[in-house]
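Engineer: build me a model from this:
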Amino acid sequence: MPDDKIFTAMRTAALAANPKEIGIKNLPEKEISVFGVVMDTGYEEGAASLITYSTGDASLYYSFGGGFTNGASRPEIKAAAIKLVLQAQKYLQKAEAVKEVLLPKANEINFSLLTNKGAFLLKANIENIGGLSELFKTANEVISAINIYSEVKIKHKYFGG
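Structural biologist: Prediction:
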């Protein structure tokens, strides 16, 4: 799998994000609260990582080069990103706490739920998304909104673009 240095750096930073440092305040102290979602999708030629935060910021990076940043500057991207993070909270009880999130293999998807208590992981096969279909659909709404403004379009049979 190709490994673009910028892709790796941005994905690593997202997975290690400190909510206060990225402008997220007022997270509860006792309960687990999702403040971000990183959806990694595996392809034969590499991977794509969609990064969203409760602030509405959204980015999309490709290990095979290119990407999109500063999604919060576009109202439709911001709204879709916030919707995804809010929806992810409902999936938290199905997720497994993890220390490290490896990139998925081709046709696999990882949803990393970034919380005030660490990262939690949900995994699925793209051809059998099962109980994650609503989360996947909402993530696709973010990607579709990004694709309107991005010069590098994600081209895959499961995504708009």
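Engineer: show me the contacts for the residue nearest in space to the middle of the chain.
Structural biologist: Nearest to the mean C-alpha position of the chain, by CA atoms, centre = their mean, lies residue 38 at 2.5 Å. For residue 38, the contact set (CB atoms under 8 Å, 6 or more residues apart in numbering) comprises 11, 14, 15, 49, 50, 51, 52, 101, 110, 111, 112, 114. C-beta here means a position set from N, CA and C on the backbone, and glycine is covered the same way.
Engineer: measure the nearest residue to residue 27 once chain neighbours are set aside to residue 92 for me?
Structural biologist: Nearest residue to residue 27, sequence neighbours excluded (CB to CB, 6 or more residues apart in numbering): residue 116, at 4.5 Å. Distance, residue 116 to residue 92, using CB to CB, to the nearest Å: 11 Å.
Engineer: overlap of the contact sets of the two?
Structural biologist: residue 32.
Engineer: run a quick neighbour tally on residue 27.
Structural biologist: By the measure other CB atoms under 10 Å, the count of residues near residue 27 is 16.
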